[in-house]
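Novice: let's see this in three dimensions:
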Amino acid sequence: MSTRREFLMGATGILGAAAPLLARSQARPCPPPQISAGEFGNATTACTSSNVPAYIASLAPFEVRSLSGNYSPDNGTTTLRSVMPSMWAGNDDIIRPWSGGPKSLAGTKMYVHGGGHGDSSNNGLYSFDFAGASRPTGWAIEYAGVPNTSSSFPIGSVGAPVAVHTYDGMIDMGADIYRIGGAVWPSGHLTPDLLRYSKATGEWTRLADYPDTGGAGMALGEASAGKLLFLEREGKYFAYAFYRMGSNSWSTRKTVGSQWNNNGGAAWSPSLKIAVTIGSNGYGTNMFSVGIDWSGETITQTARSAPNVGGGSAVMWDATLGRFWAFGGAGNNSTIYEINPSSWAVTAHPLSGDSISPETPYMGAFGRWVFMEDWRAIGSVASRNGAAYIIRLP
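Specialist: Residues are numbered from 1 along each chain as shown. As a prediction, the model looks like this:
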């Protein structure tokens, strides 16, 4: 069923939930940043690994490079469309419709997965590998997909997933990628499905269902706890539940008083033991710091001030600088935002260099990125027909 071309060396299954900590492909010769007591990462610049590819190292902080022309991939696949199987011709709308990827925090691969609702039944999984020297490796098919899949396969079995709007409901846990909920093709109804994709075998397994139908929102994971956290959306912005990977079971569904907005993105800091969520819709933007008790399976929220970063923003934690970053929100593709967790001040940094041109500006990037922390770079893509790109960080 799978036409997967390659898999991460760390995705053999023996790493389990600890893989995100072990599967980095970049060396880390730099010392950790110096942090004063009572503060979170005062550094303004980062030590950069000596093996940063030349096509990334030559960029200035906050500069964007489109990976086309002299920087086109080695394997000749400049666009996502160039690698899609012919069976998806005319049915490949998997980036535009509120879809992203699994928020990859390690390695050099960005994953893309989407479709859903009335947009596309394309249930394939694709990757772009940013590894290389003078240019990246490029696109590959991880899972070719099965056309016209419109219903779930049985719990506990392996099968073809129905295409969904993924929102921010995917999480890369190293050996496996998890997909929680989404708006399914072709009805648009929200699904409680929890699916796991094995990078080693190229197979999707259906796990225990989320304990409600509010299956679209934001997913976070904590390897040391062996758990995932899912925060709902679509009219139920205050509900959440924890998934226990070891027992394939869910906690009870709980609620919080403060509500996050529609089309949110979330990131978790294992060192600070805190997450940030950013949401935006027609009523404005909100941001919360979220304390997560992975053992007690509860969360607490504190509202924070935020500028209009845009719905569907990609949000990530930068352990080197002790900062959160947000970019790629709806209608806002020329700025990246630095969020300081010591004060919750948000600093806007204009992006220079090449333009980021999404297919539909108002839908957002969500988890469609890979954060290559040692290389001080974020890799992403905004269109089926456009080149992938790099954002350089300080």
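Novice: any idea where the helices of this protein begin and end?
Specialist: For the chain, the helices defined by DSSP state H occupy 19-22, 54-57.
Novice: where among those is average confidence lowest?
Specialist: For the helices of the chain, the weakest mean pLDDT is recorded on helix 19-22, namely a mean of 33.
Novice: which regions of the stretch 201-350 of the chain lie under the pLDDT threshold?
Specialist: Filtered on pLDDT under 70, the stretch 201-350 of the chain yields the residue ranges 214, 234-236, 281-283.
Novice: which residue ranges of it form strands?
Specialist: Ranges of strands within the stretch 201-350 of the chain are 204-206, 217-222, 227-232, 239-244, 249-250, 254-255, 265-269, 274-281, 284-293, 298-304, 314-318, 323-329, 332-340, 345-350, based on DSSP state E, counting those that start in this stretch.
Novice: just put those in JSON lines and tack on mean neighbour count and distance to residue 172.
Specialist: No exception for glycine: its C-beta is placed from N, CA and C like everyone else's. Below are the strands of the stretch 201-350 of the chain laid out as JSON lines (neighbours: other C-beta atoms under 10 Å; distance: least, C-beta to C-beta, whole Å):
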{"stretch": "strand 204-206", "mean neighbour count": "20", "distance to residue 172": "15"}
{"stretch": "strand 217-222", "mean neighbour count": "25", "distance to residue 172": "8"}
{"stretch": "strand 227-232", "mean neighbour count": "25", "distance to residue 172": "11"}
{"stretch": "strand 239-244", "mean neighbour count": "21", "distance to residue 172": "15"}
{"stretch": "strand 249-250", "mean neighbour count": "16", "distance to residue 172": "20"}
{"stretch": "strand 254-255", "mean neighbour count": "12", "distance to residue 172": "25"}
{"stretch": "strand 265-269", "mean neighbour count": "26", "distance to residue 172": "12"}
{"stretch": "strand 274-281", "mean neighbour count": "25", "distance to residue 172": "16"}
{"stretch": "strand 284-293", "mean neighbour count": "19", "distance to residue 172": "18"}
{"stretch": "strand 298-304", "mean neighbour count": "16", "distance to residue 172": "21"}
{"stretch": "strand 314-318", "mean neighbour count": "25", "distance to residue 172": "11"}
{"stretch": "strand 323-329", "mean neighbour count": "26", "distance to residue 172": "17"}
{"stretch": "strand 332-340", "mean neighbour count": "20", "distance to residue 172": "21"}
{"stretch": "strand 345-350", "mean neighbour count": "13", "distance to residue 172": "25"}
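Novice: closest one to residue 174 among those strands?
Specialist: Closest to residue 174 of these, according to C-beta to C-beta: strand 217-222, at 9.4 Å.
Novice: residue 363 is nearest to which of the strands of the stretch 201-350 of the chain?
Specialist: Closest of the strands of the stretch 201-350 of the chain to residue 363 is strand 323-329, at 9.8 Å (criterion: C-beta to C-beta).
Novice: outside of the closest one, which residues touch it?
Specialist: Applying C-beta atoms under 8 Å, 6 or more residues apart in numbering, the set of residues contacting strand 323-329 from outside is 41, 265, 267, 269, 276, 278, 280, 309-318, 333, 335-341, 351, 356, 358, 364-365, 368-369, 378, 380, 382, 391, 393.
Novice: report the angle between it and strand 332-340.
Specialist: 160 degrees (axes from the mean of the first three to the mean of the last three C-alpha atoms, to 10 degrees).
Novice: given strand 323-329, what are its sheet partners and their directions?
Specialist: Strand 323-329 has its sheet partners listed here by DSSP bridges as strand 314-318 (antiparallel), strand 332-340 (antiparallel).
Novice: and that strand with strand 345-350, angle?
Specialist: Taking the same axes, to 10 degrees, one finds strand 323-329 and strand 345-350 inclined to each other by 50 degrees.
Novice: distance between strand 323-329 and the chain's centre?
Specialist: 12 Å (C-alpha atoms, centre = their mean, to the nearest Å).
Novice: among the strands of the stretch 201-350 of the chain, which is nearest residue 122?
Specialist: Using C-beta to C-beta, the strands of the stretch 201-350 of the chain put strand 204-206 closest to residue 122, at 14.2 Å.
Novice: how about residue 172, nearest residue that isn't a chain neighbour?
Specialist: residue 102 (4.0 Å; C-beta to C-beta, 6 or more residues apart in numbering).
Novice: gap between the one you found and residue 244?
Specialist: Residue 102 sits 19 Å away from residue 244, going by C-beta to C-beta, to the nearest Å.
Novice: tell me the contacts of residue 192?
Specialist: Counting by C-beta under 8 Å, 6+ apart, residue 192 touches 181, 209, 210, 211, 212, 213, 215.
Novice: mind doing that once more with 10 Å?
Specialist: By C-beta atoms under 10 Å, 6 or more residues apart in numbering, the contact set of residue 192 is 152, 180, 181, 208, 209, 210, 211, 212, 213, 214, 215, 250.
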